[in-house]
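Chemist: just a sequence and a predicted model for now, questions to come.
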Amino acid sequence: MCYNNAMKKLLAYFKPYKKQSLLGPLFKLLEATFELLVPFVVGLIVDKGLGARVDGGYPNADVPFILAMCGVLAAFGLFGFLFSVIAQYFAARAATGVSADIRLDLFKKIQSLSERDVDRLGTATLLTRMTGDIDRFQSGVNLALRLFLRSPFIVFGAMFTAFLIDPSSLGAFALTIGVLALVVYAVMFACMPLYKRAQENLDLVLLSTRENLSGARVLRAFCREDSERELFERRNGALTERRKFVGALAAITSPLTCALVNGGIILLLYTGALRVDGGALSQGSVIALYNLMGQILIELVKLANLIVTVTKAAACGGRIEAVLNRQPSLQYKENTPKEPSGAFIRFDNVSLRYTDGAEPALENVSFAVSRGQTVGIIGGTGAGKSSLVNLIPHFYDVSEGQVCVDGVNVQDRELQDYLREKVAIVPQKAVLFKGTVRENLLWGKKTATDDELWLALQRAQAAEFVQEKGGLDAPVEQGGKNFSGGQKQRLTVARALVREPEILILDDSSSALDYATDAALRAALATLDTTTFIVSQRASSVRNAHIIVTLDDGKTAGIGTHEELMQSCEVYREIYFSQYQDGKGGARA
Amino acid sequence: MKKATNKRTTLSRVLSYVGKYPFSLVGSVLCSLFSVAATLFIPVFFGDAIDCIVEGNVDFNGLFIQFLSVAVATGVAAVAGWLASLCNNRISCNVVRDLRKDAFAKIGALPLKYIDSHAHGDIVSRVVADADQFSEGLLMGFTQFFTGALTILGTLAFMLLTNIKIGVAVIALTPLSLLVARFVASHTHKFFVEQTQARGEQTAFAEEAISGLKTTKAFAHERENEETFERLNARLEKASLNATFYSSLVNPSTRFINNLVYVAVALIGALDVARGAFTVGGLTKFLSYSNQYTKPFNEISGVVAELKGAFVCAARIFEFIDEQEEASDTLLPALGNANGNVSLDNVRFSYTPAQKLMEDFSLSVSCGKRVAIVGKTGSGKTTLINLLMRFYDVDGGQVCVDGVDVRQITRRSLRKNYGMVLQETWLKYGTVRENIKLGREDATDEEMYAAAKAAHAHGFIKRLEKGYDTLLAESGMLSEGQRQLLCIARIMLALPPMLILDEATSSIDTRTERKISDAFEYLMQGRTTFIVAHRLSTIVNADVILVMEKGRVVEQGTHAELLAKGGAYAELYNGQFG
């Protein structure tokens, strides 16, 4: 059953908290033991303390003994309290510790997934799993550690005592407990998938919430507030209905438990009555058996409530586990042969398909670049420019062919550190993080000095506005909302430059800049001896590159210098003339 | 003092949400009542049954009658108990649904300023995690509170009937356990607050980190992110440990007090018996009642702790619901189909009072004109759009459409008159179809295809896995340029009287741009259009070109006029082609 699978991986997280996970229930057991002893002490008070009954009174009552026994009871209470406090602490410690560890691993896992994997799963559901699901898991674990051992202990303890009193009563006890176990199992089995589906509705509720925050401008521009609200209410309503349904089903457990135990008592009393009638059993024994069954009842009702929480926790645990088990889709190779070739970066017949059977985003692309060269990548919207440069830092796996840096396949595991440290890519979409300008720039290199930061800002043409905003300590709001599109782009370029990368990839990262700023930026970059890839729509951005790769629908339409391509490549010429009316760059289209 | 009133308002507000379901509430109380009553009678029947079992002379007829009574009582208790659970479940689920609904409606009513300046993850955490925890607490409260309270009253009645002296003693000792519960609960409050805050902060960070994953990977910044997460995680763990541990102390402490009550009962009872004032059977019964009496106290005190946490969560949601909304405009008239005369008169505006941006900004555009806005990045172009769309309100002066101050008409009707394409594309998590029809929901598929074709998006959409029914995830999948084409298709479908194009084609290659320019030309025909662009090709044909610098218009005129002037515009122009 899914329950077992779901728990297997998560159980490993209890290892560091082995001590707490064992001591918690153990102390709870001790507390329960004191609870079981109370009736015996009361029995002592009645039997020994009061002495023999004479004329409806107890003239021989041993008052000091009664006082002493009451003292013992109070001591039991005190020790029970202390043990229980210790148990609660260990349980809380284990539950919160395990959950925190899982949360951290979940975060690490998500970061290790490729962007495409995250897209496929959806940010919304990942966030629910990291918050809501783990919360529920934590409260389930906490409760389970406190009660899971205690309840069976009391149940079986009571059963054992019953066996001592009257071995033949065992049948009634065993039957009751067996049927109950079956009921509990059935309810769990039925509820688990329902809880899981309810959590999926919660994902949608989260999605709506997030989307209406991130898309506030567009949604308002299109006056979609009302229909978005309706959509949210539908999702919210579906979540509510599912929760209600599974809640109604789970709520059967407790009354059913009561009813079953009472049925068990009837059975017990009836068989007892038969034997009392035959003289094989005393009335007192029947009373004792009845009390034991009563104790079981109370404990089982508690357990039934616990089962509901644990079922929820297990359903949530399964969802967490699903993410933890996800294999990153990137493939690595070991010890690929190093090919000594003059080229620094080489694409050999590279093809790329995002999903099997889909049209290729890149098809049979081959070219070579020497160290220090500037490479322009140009082509229409959706021609595959971004896909091409994303292959260099191994963000995706090629479907066919290979990409080599310094003669080594980028899929080689040993190359990964180099790729992480020496390749800087400035993505199309400029993303800044909440904090200060300095904090954002230090992403490039942790140890960079202020001078280095300013140098990078100057090269990225960002020094002026950063100065105006208050220097390196100027605040950056969430998503960089307090900077304009062009400013954000320049900051992200500066962040990449701070790294002093050997390979710099600008993925259309100057699209929001005016031409003058763009030109100044390129001029500054030209002074560096970095191997630079410039992806652009603009012929002006790439025309001075050493090599220009022209893409058209994922295929190379032409490779060469500006002059060569103007001669030989129809697509390049078209792009060029769509921006410059004549070859000399006079007017516009 | 203030805190206390806050808490009370949280309570009264929660109650007002609960009050919307009076039938469930009454049903819950009644069913609990039946269930508890039946449950209390079961031991009585069993007791009588045991009396029938006498050695050698069992009264089987009597026994069966008692069994029958037990069966009936059990049936009533089970059915009523289940019905009560259904009512409680219904209340807690519905209340949380309503709460979420109000919180979500709030998102649509808040000024953009709030949304722009608050961590989205934190708001998400309130609507999702906090609401969930509140729901759990509420359900637990309802389930155990009524049955608990009724059980207490029931057993109290039985006890007083049996032995007034001990009954009174028990009642006298009861407040002690309540006091202890209160003491512990009041000390856990701050831990619960810490826990929800830490959780909100962590969600905010995780949200930012996951949505910026590409950048994280580009800079190999995973380890640093992990460190930050670990720090927040440790904080949450600690707060959570404190909240969990201290709240779980309530139960043992009340149980301890109740054990003392039990001892007191045993002592008084035993001494009474010794004096001949009480019977052993009576004492046994009494002790078992005292057990039954104290049990709900334990449960209720556990619930109190849970409710405490629930209320902290509810307070966080209420805090969000209470944020200042945009001024209501439901009473204002709607703007009909505008002609498109737009004017800004002496507009003063800044995002933060400390940093002046627009001072005395004036502009007048007559209908059908094409206005191009150029200027360095950060010169205030986007701000102008924020004011035109009324995403932000002016600090002084006014913005008018067809001579009417935009604050005198509904925001909705104003925005309906504009078609907007922003440089930062935003697509919904949904199919291509849903995204294009965002412009006009009631459009037919044919109209949608026509719009997509005009935007030159039809071709690539067709090539997607499922064409127009392809699900667009949050990013990836489409290139920025393709995303922009989809946004343009939306406008082509909506055909509003005025247009705002903020770098609408910045990510589209020039060849495609050229192809769609005819469609754009057609679109702009007779429509007042504001274009923010750096591509001068889009600008030269404009009727008016505004050159902006630091929130001011420094030059204004046609392309030829401005070139002849040899000022800022000429400089920009030559910068591109010189």
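Modeler: Sure thing, it's come through. Residues are numbered from 1 along each chain as shown, chains lettered A, B, ... in the order given.

Chemist: nearest residue to B:Lys515 other than its sequence neighbours?
Modeler: Leaving aside its sequence neighbours, B:Lys515 sits nearest to B:His456 (Cβ to Cβ, 6 or more residues apart in numbering or on different chains; 5.3 Å). Every residue, glycine included, has its C-beta placed from N, CA and C.

Chemist: quick one: residues contacting that neighbour.
Modeler: By Cβ atoms under 8 Å, 6 or more residues apart in numbering or on different chains, the contact set of B:His456 is B:485, B:512, B:515-516, B:519.

Chemist: same deal with B:Ser507?
Modeler: So B:Ser507 contacts A:381, A:428, A:508, A:511, A:537, B:423, B:425, B:479-481, B:483-484 (Cβ under 8 Å, 6+ apart).

Chemist: shaky segments in chain B?
Modeler: For chain B, the stretches flagged by pLDDT under 70 are B:1-8, B:280-281, B:284-285, B:288, B:292, B:377-378, B:473-477, B:534-537, B:575-578.

Chemist: domain assignment for it?
Modeler: B:2-19+B:113-321, B:342-577 (automatic domain parsing).

Chemist: just the helices in the stretch 51-200 of chain B please.
Modeler: Counting by DSSP state H, counting those that start in this stretch, the stretch 51-200 of chain B has helices at residues B:60-109, B:112-117, B:120-125, B:131-162, B:164-211.

Chemist: closest to chain A out of the contacts of B:His456?
Modeler: Nearest to chain A, judged by Cβ to the nearest Cβ, of the contacts of B:His456 is B:Thr512 at 5.2 Å.

Chemist: once you drop chain neighbours, what's closest to the closest one?
Modeler: Going by Cβ to Cβ, 6+ apart, B:Thr512 has A:Thr381 as its nearest residue, at 5.2 Å.

Chemist: the one you found: helix or strand, and which one exactly?
Modeler: Assigned by DSSP states H and E, A:Thr381 belongs to no helix or strand.

Chemist: which residues does it contact?
Modeler: A:537, B:460, B:479, B:481-482, B:484-485, B:507-509, B:512.

Chemist: cool, and A:Val42?
Modeler: Contacts of A:Val42 (Cβ under 8 Å, 6+ apart): A:73, B:266, B:287.

Chemist: so which of those belong to strands?
Modeler: Using DSSP state E, no member of those falls within strands.

Chemist: low-confidence ranges, chain A, go.
Modeler: A:1-7, A:52-57, A:340-341, A:355-358, A:581-589.

Chemist: quick check: domain ranges of chain A?
Modeler: A:2-324, A:345-579.

Chemist: surely A:Asn364 is within a strand?
Modeler: Yes. Assessed by DSSP: H, G, I helix; E, B strand; the rest coil, A:Asn364 belongs to a strand.

Chemist: my guess is B:Ile373 is in a helix, correct?
Modeler: No. Counting by three-state DSSP, B:Ile373 is not found in a helix; it is strand.

Chemist: name the nearest residue to B:Gly368, ignoring sequence neighbours.
Modeler: That would be B:Gly526: by Cβ to Cβ, 6+ apart, it lies 4.9 Å from B:Gly368.

Chemist: may I ask you to name the longest helix in chain A?
Modeler: helix A:63-112 (DSSP state H).

Chemist: please see if that one touches chain B.
Modeler: Yes. With Cβ under 8 Å from any Cβ of the partner chain as the criterion, chain B is reached by helix A:63-112 at A:63, A:66-67, A:70, A:73-74, A:76-78, A:80-81, A:84-85, A:88-89, A:91-93, A:95-97, A:99-100, A:103-104, A:107-108, A:110-112.

Chemist: any residue of the helix or strand hosting B:Lys214 up close to chain A?
Modeler: Using DSSP H and E, B:Lys214 sits in helix B:213-218. Yes. Contact between helix B:213-218 and chain A, assessed by Cβ under 8 Å from any Cβ, occurs at B:213-218.

Chemist: now do that helix: which elements does it pack against?
Modeler: helix A:63-112, helix A:115-121, strand A:423-426 (3 or more Cβ pairs under 8 Å, 6 or more residues apart in numbering or on different chains; DSSP states H and E).

Chemist: list the residues that contact B:Glu323.
Modeler: Counting by Cβ under 8 Å, 6+ apart, B:Glu323 has contacts B:106, B:110, B:114.

Chemist: the second one is in contact with B:Glu325, isn't it?
Modeler: Yes. Using Cβ atoms under 8 Å, B:Leu110 is in contact with B:Glu325, at 6.3 Å.

Chemist: more neighbours, those two?
Modeler: B:Leu110 (19 against 14; other Cβ atoms under 10 Å in any protein chain shown).

Chemist: list the contacts of that one.
Modeler: B:323, B:325-326.

Chemist: how about B:Glu480?
Modeler: By Cβ under 8 Å, 6+ apart, the neighbours of B:Glu480 are A:428-429, A:508, A:511, B:425, B:507.

Chemist: ok, now B:Gly309?
Modeler: B:133, B:137, B:188, B:192, B:195, B:243, B:247.

Chemist: what helix or strand is it on?
Modeler: helix B:280-321.

Chemist: what's the first helix or strand after that helix?
Modeler: Counting by DSSP H and E, what follows helix B:280-321 is strand B:342-349.

Chemist: now the helices: where do they sit in the stretch 151-300 of chain A?
Modeler: A:170-214, A:216-221, A:225-250, A:253-277, A:283-324.

Chemist: out of those, which gets nearest to A:Ala494?
Modeler: Nearest to A:Ala494 among the helices of the stretch 151-300 of chain A is helix A:170-214 (25.0 Å), distances taken as Cβ to Cβ.

Chemist: can you count the residues close to B:Phe46?
Modeler: With other Cβ under 10 Å as criterion, B:Phe46 counts 23.

Chemist: correct me, but A:Leu306 touches A:Asn142?
Modeler: No. A:Leu306 is beyond contact range of A:Asn142, at 10.7 Å (criterion: Cβ under 8 Å).

Chemist: of these two, who's got more company?
Modeler: When A:Leu306 and A:Asn142 are compared for neighbours, A:Asn142 comes out ahead with 26 against 20, by other Cβ under 10 Å.

Chemist: ok, now which ones touch the spatially closest residue to that one that is not a sequence neighbour?
Modeler: Sequence neighbours aside, A:Ala95 is the residue nearest to A:Asn142 in space, at 3.7 Å (criterion: Cβ to Cβ, 6+ apart). By Cβ under 8 Å, 6+ apart, the contact set of A:Ala95 is A:138-139, A:141-142, A:145, B:244.

Chemist: distance of A:Ala95 relative to B:Ser69?
Modeler: 44 Å (Cβ to Cβ, to the nearest Å).

Chemist: in stretch B:391-407, what's buried?
Modeler: B:391-394, B:397-402, B:404, B:406-407 (16 or more other Cβ atoms under 10 Å in any protein chain shown).

Chemist: A:Ile503: what's it in contact with?
Modeler: Counted by Cβ under 8 Å, 6+ apart, A:Ile503 has contacts A:345, A:392, A:405, A:422-424, A:530-533.

Chemist: swap in B:Val184?
Modeler: B:246-247, B:249-250, B:253, B:305.

Chemist: what's the answer for A:Ser568, then?
Modeler: A:558, A:560.

Chemist: dihedrals phi and psi, it?
Modeler: Main-chain dihedrals, A:Ser568, degrees, to the nearest 10: phi -110, psi -20.

Chemist: mind checking which helix or strand the residue of the stretch 401-550 of chain B found nearest chain A is in?
Modeler: Nearest residue of the stretch 401-550 of chain B to chain A, counting by Cβ to the nearest Cβ: B:Gly481, 3.1 Å away. Per DSSP H and E, B:Gly481 falls inside helix B:480-494.
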